[in-house]
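**Student:** could you work out the structure for the sequence below:
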Amino acid sequence: MFAYLVRRLFLMLVTLFGISVVIFFLLRIVPGNIVDILFAAAGYVDPADKVDLEKQLGIDQPLVVQYLHWIGGLLRGDLGYSYVSEKPALQEILPRIPITARLAGLALLFSASIGIPLGVISAVKQGSRIDYALRVLSLSGLSLPSFWLGLLVLTASVAMFGQMPIFNPNPQSFAEAFATYCIPAMVVGFRSSALTMRITRSSMLEVLRQDYIRTARAKGASDAAVNYHHALKNAILPVITVIGIEAAFLIGGLIVTETVFNIPGVARFLVEAIRWRDYPIVQNLVMFIAVVVVFANFTVDMLYAVFDPRIRYTD
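**Tutor:** Next up is the predicted model:
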């Protein structure tokens, strides 16, 4: 087990190193930089001022030197300064992480708490009207774009209550925080719950056909014990995989939702930083998302052994 953890840690570090190289050089390949954008917005170009500004920002140095400077600062906890606000990048990023984390966590909770039970019901009631209704619901969730659903919710809110939901960045109580994040989390979680429902249904149908399920029924086990203790317990691994992927995706994949609901989170800030070629912000945010994805995959692998005793990570 220890040797496996060491290998996984080494592979995670190699993966993060590769991502850092790719994102750093891809940003430099994109035509234009922050200096070009600022001078274009000002409507004039003074070559001397442009060279002086590039020197101040350090983007006149060779790419390898820039990369080593950034990665060295990253290892020391120095993320540099934003080119736009001239504030420390860490100071710009940290306040936005809890906002996106709360939204993603609530959306994931909604997805799992709705998708798994409905998936089990759909599998147990295979071929019934309930099954067909739940399958149509899941297909609807996968088909509806999140931005369209978000706009629909905002329009309905205006029509019914005369106002749009206003995001409160500093809720004073749990109830106020829940009300602030509930609607956008449900919009995001609707698609995730549809995917979770379909995966749960497919996995449950496969398990329910196994011999040990028929044996459990023959011994007189109740439907609840068969469905949830025997079947769901053995069908949960693909569901865990999907939930882990969705958890990693939600951290950086909330761009549309945060824009529609005017939420100052990580994903929306990343888009703004890309538009302005704010290299320190973009690089550090992408690395943060990469770390979340890598550790989410690692956590899923560890949960496999928890939910299925047959899985053992050995040398």
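
**Student:** all helices in the stretch 101-250 of the chain, in order from the N-terminus.
**Tutor:** For the stretch 101-250 of the chain, the helices defined by DSSP state H, counting those that start in this stretch occupy 129-143, 146-161, 174-208, 211-218, 223-224, 232-252.

**Student:** go through the ones you listed and name the closest to residue 269.
**Tutor:** Checking these against residue 269 by CB to CB gives helix 232-252 as the closest, at 10.9 Å. In short, each C-beta sits where N, CA and C put it, glycine included.

**Student:** give me the contacts around the next helix-or-strand element following that closest one.
**Tutor:** Sequence order places helix 255-260 as the next helix or strand after helix 232-252, per DSSP states H and E. Contact partners of helix 255-260, identified using CB atoms under 8 Å, 6 or more residues apart in numbering, comprise 100, 103, 145-147, 150-151, 154, 184, 187-188, 263-265, 267-268, 270-271.

**Student:** likewise for stretch 294-313?
**Tutor:** Contacts for stretch 294-313 (CB under 8 Å, 6+ apart): 1, 4-5, 8, 12, 15-16, 233-234, 236-237, 240-241, 243-245, 247-248.

**Student:** what's the one helix or strand residue 23 maps to packed up against?
**Tutor:** For residue 23, the host element (DSSP H and E) is helix 2-29. The helices and strands touching helix 2-29, judged by 3 or more CB pairs under 8 Å, 6 or more residues apart in numbering; DSSP states H and E, are helix 63-76, helix 279-307.

**Student:** could you dump those into a markdown table with distance to residue 122 and mean pLDDT added?
**Tutor:** Shown next, in a markdown table, are those (distance: least, CB to CB, whole Å; pLDDT from 0 to 100):
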| stretch | distance to residue 122 | mean pLDDT |
| --- | --- | --- |
| helix 63-76 | 46 | 88 |
| helix 279-307 | 21 | 85 |
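
**Student:** which one of the ones you listed is the most hemmed in?
**Tutor:** Ranked by mean neighbour count, the helices and strands packed on helix 2-29 are led by helix 279-307 with a mean of 18 (mean count of other CB atoms under 10 Å).

**Student:** just the buried subset of the contacts of stretch 294-313, written out for ChimeraX, thanks.
**Tutor:** To isolate the buried subset of these in ChimeraX, counting by 16 or more other CB atoms under 10 Å, use the following:
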select :8,12,234,236,240,241,243,244,245,247,248
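
**Student:** from residue 183, how far off is residue 190?
**Tutor:** Distance from residue 190 to residue 183, counting by CB to CB, to the nearest Å: 11 Å.

**Student:** contact partners for the nearest residue to residue 16 once chain neighbours are set aside?
**Tutor:** Nearest residue to residue 16 in three dimensions, chain neighbours excluded: residue 290, at 5.9 Å (CB to CB, 6 or more residues apart in numbering). Counting by CB under 8 Å, 6+ apart, residue 290 touches 15-16, 19.

**Student:** I'd like to know which of those is nearest to residue 76.
**Tutor:** residue 16 (16.0 Å).

**Student:** can you give me the neighbour number for residue 81?
**Tutor:** Here the count is done by other CB atoms under 10 Å, and residue 81 has 18 residues near it.

**Student:** coming back round to it: is it possible to mark the buried ones in the contacts of helix 255-260?
**Tutor:** Neighbour counting by 16+ other CB under 10 Å classes 100, 103, 146, 150, 154, 184, 187-188, 263, 265, 267-268, 270 among these as buried.

**Student:** out of the residues you listed, what pair is the most spread apart?
**Tutor:** Based on CB to CB, the longest span within the buried ones among the contacts of helix 255-260 runs between 154 and 270 and measures 22.6 Å.

**Student:** any low-confidence regions in the protein?
**Tutor:** Judged by pLDDT under 70, the chain has its weakly predicted residues at 1, 32, 38-45, 252-253, 309-315.

**Student:** residue 181 contacts residue 103, doesn't it?
**Tutor:** Yes - under the criterion of CB atoms under 8 Å, residue 181 makes contact with residue 103 at 5.4 Å.

**Student:** what's the overlap in contacts for the two?
**Tutor:** Contacts common to residue 181 and residue 103, judged by CB under 8 Å, 6+ apart, are absent.

**Student:** dump the buried ones among the contacts of helix 255-260 into JSON lines; add distance to residue 111 as well.
**Tutor:** As requested, these are exported to JSON lines (distance: CB to CB, whole Å):
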{"residue": "100", "distance to residue 111": "16"}
{"residue": "103", "distance to residue 111": "12"}
{"residue": "146", "distance to residue 111": "13"}
{"residue": "150", "distance to residue 111": "16"}
{"residue": "154", "distance to residue 111": "21"}
{"residue": "184", "distance to residue 111": "13"}
{"residue": "187", "distance to residue 111": "12"}
{"residue": "188", "distance to residue 111": "8"}
{"residue": "263", "distance to residue 111": "18"}
{"residue": "265", "distance to residue 111": "18"}
{"residue": "267", "distance to residue 111": "17"}
{"residue": "268", "distance to residue 111": "21"}
{"residue": "270", "distance to residue 111": "22"}
